[in-house]
Structure formats: C-alpha cells, structure tokens
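Enquirer: Sequence plus predicted model, see below.
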Amino acid sequence: MDPHLLRTYVTVARLASFSEAARDLGYTQSAVSQHIAALEQDLGAPLLTRRPVAPTAAGERLLEHAGPLLLRLAAARADVVRMAAAPDHGLTLAASATALPPPPAAVAALPSAGVTLRVLARDEVPAAVAAGTADVGLVDGLAAPSDPLRLPDVAPLTTRGVGEEPVGVLLSAGHPLARRTGLRLGDLADARWIDAPDTGLPLPQLRAANGGRGFRPALRYDGTDVRVLAALAAAGHGLTLLPRSATADTPGAVAVPLTAPRVVHRVELVHAGTPTGAARALVAALSPRA
C-alpha cells in the first residue's frame with residue numbers, strides 16, 4: 001500500500017472534499033482523484049462515496065489503520081533523521097497542560113537558548129515525539145501509585161515516571177460537598193462534571209476507575225489553560241479533577257482530596273531512540289538515580 005496514496009485518502013476523508021484536499025496537499029484535483037482511484041483498485045474496494053464525499057464501511061476500517069500506519073512511517077523517518085542531526089540543534093519539549101511546569105531538575109537541565117516548549121493535548125505528546133516534531137515529551141494522567149500510564153501505542157518509545165502527586169476534586173466554594181475532608185470517586189459519578197480532556201484529568205479515566213459508568217459532562221472545555229478550567233469550576237459549572245499543585249489559589253473554589261480509589265496524578269518523560277545533545281542532558285536529569 002503506497003503511503004502517498006494513503007495520506008491523500010486520509011486528507012480527503014478528513015476534509016470531505018476532493019478540491020479541499022487538493023489545496024491542502026498542493027496537488028491538482030485530478031491528481032487527488034487518481035490517487036483515490038489507485039488506492040481503491042489496489043484494495044479492491046470502494047473507499048469513498050462521491051456525493052457527499054464520505055468513507056464507505058471499508059473506508060472507515062481503513063481510517064482506523066491509517067493514522068497509526070502513517071505515524072509509524074513518520075516515526076521511522078524522524079528516528080533516522082535524529083541520528084544524523086547535529087547534537088546542538090536545540091531542544092523542543094512537548095508537554096500536556098497539567099504536566100507543567102516541568103520538574104525543577106528539568107528546568108535546571110534546559111539549555112540557555114534554543115528551547116521551544118509546545119503545550120499539546122495528552123495523546124498528541126507521544127505522537128509528536130514519535131514523529132520527531134518534539135525531542136522529549138512530558139505527559140500526565142491518572143494512575144494507581146507507581147503504575148505506568150497507558151499511553152497510545154504510536155511507536156517504540158521510552159517512558160519513565162518523573163513525578164506523582166495526590167489529586168483533588170475542584171468545586172465551587174458554595175457546593176454542598178465543599179466542606180468535606182475527602183471524597184470518594186464513586187459518590188461523584190452522578191455529579192455535574194466539566195469535560196476538559198486536555199486540561200483536567202479525562203472523564204473516561206474517571207469512568208474506567210468507576211467500573212465504566214457515570215461522569216456525564218455538563219460543560220465541555222477544549223482549551224489547555226488550567227486557570228480557565230479552575231474558574232469554570234469556581235463559577236459552579238461543574239466539578240473537575242486536578243493534581244494538587246494545580247488547585248491552589250483559585251478564588252471561589254475549593255479542592256477536596258480524593259480518598260478512594262487510591263490514585264495519583266502521574267507525569268512521565270517520553271523520548272525516542274537514544275537522545276543526544278540537550279535532549280540527552282534533560283533525560284539524564286530526570287532519570288532516577290540507581
């Protein structure tokens with residue numbers, strides 16, 4: 001299967017338009033049509049309906065495979081390019097919003113110049129490292145103490161834990177539960193929650209920890225600013241679960257410790273291959289000492 005044809009197909013399916021895909025890819029519309037026809041002939045199945053432009057059942061199945069396949073190809077290319085890169089080319093650090101700020105050891109290890117910090121959605125951090133658009137990543141999530149995070153399987157990556165801390169339920173100071181000294185997750189399944197997948201700890205993780213039920217959102221926040229999320233909770237729009245360090249100094253809000261189940265906010269370092277230059281120094285600074 002030609003990856004160029006596959007990339008064209010993914011773009012057409014994403015944009016639902018041959019002409020828009022042609023503009024996005026820098027091809028003629030005729031070339032895009034030829035790519036799709038060649039891929040359909042290769043696979044022996046129609047992948048798109050034309051009016052409207054939408055994936056067929058076979059096309060939907062191909063899309064499930066296409067993202068990981070293209071990312072693996074990008075990761076392979078990035079890994080080879082990374083080996084030949086100059087060791088002092090600078091450093092790009094990708095991090096999810098609540099994996100910041102970096103641990104003090106990471107800050108101390110950052111070079112004095114040439115650093116780019118990119119704040120991304122959690123699932124995008126491993127993908128950025130795999131594809132070579134970031135040298136090192138910091139990603140976070142909810143886990144049992146000392147358990148690794150379940151990260152997307154995008155490419156062979158090395159991960160290591162660099163920090164854990166308690167979590168708290170952030171809610172309005174006027175909320176009936178605000179005076180509690182601790183809260184059980186199971187007792188909050190039917191509460192109003194804010195769905196903030198790239199900032200608060202994701203609701204699917206809370207739902208999984210509660211046996212797969214509850215935690216229906218009352219409001220969705222698609223940003224990555226923790227302060228905005230905290231302000232929404234303080235205004236009574238719903239509850240959110242945050243690491244303890246992110247719940248301080250929010251006027252009108254109270255953070256109540258989560259007492260059950262026993263989970264923590266975990267931050268992990270992610271890198272590909274053997275880091276060099278500034279990336280190597282950063283990984284070394286965050287690696288546990290024997």
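Expert: On my side now, so go ahead. Values in this document were obtained by computation on a predicted structure and should not be read as measured data. Residues are numbered from 1 along each chain as shown.
Enquirer: what are the ranges of the helices in the stretch 101-250 of the chain?
Expert: For the stretch 101-250 of the chain, applying DSSP state H, counting those that start in this stretch gives helices covering 104-109, 124-131, 203-209, 226-234.
Enquirer: and of those, who's closest to residue 95?
Expert: Closest to residue 95 of the helices of the stretch 101-250 of the chain is helix 124-131 (Cβ to Cβ; 6.7 Å). Just so you know, the C-beta spots here come from the backbone N, C-alpha and C atoms, and that holds for glycine as well.
Enquirer: Mind putting the helices of the stretch 101-250 of the chain into CSV with mean neighbour count and mean pLDDT?
Expert: Output for the helices of the stretch 101-250 of the chain, formatted as CSV (neighbours: other Cβ atoms under 10 Å; pLDDT from 0 to 100):
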stretch, mean neighbour count, mean pLDDT
helix 104-109, 14, 80
helix 124-131, 25, 89
helix 203-209, 17, 86
helix 226-234, 20, 93
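Enquirer: And the ones you listed: which comes nearest residue 277?
Expert: Closest approach to residue 277 among the helices of the stretch 101-250 of the chain is made by helix 104-109 (11.6 Å; Cβ to Cβ).
Enquirer: outside of the closest one, which residues touch it?
Expert: 101, 138, 162, 281, 282, 284, 285, 286 (Cβ atoms under 8 Å, 6 or more residues apart in numbering).
Enquirer: Could I have the buried ones of those residues as ChimeraX selection syntax?
Expert: This is how ChimeraX selects the buried members of those, with burial counted by 16 or more other Cβ atoms under 10 Å:
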select :138,162,281,282,285,286
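Enquirer: okay if I get the contacts of helix 104-109 as a markdown table plus pLDDT?
Expert: As requested, these are exported to a markdown table (pLDDT from 0 to 100):
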| residue | pLDDT |
| --- | --- |
| 101 | 81 |
| 138 | 94 |
| 162 | 91 |
| 281 | 87 |
| 282 | 87 |
| 284 | 87 |
| 285 | 86 |
| 286 | 83 |
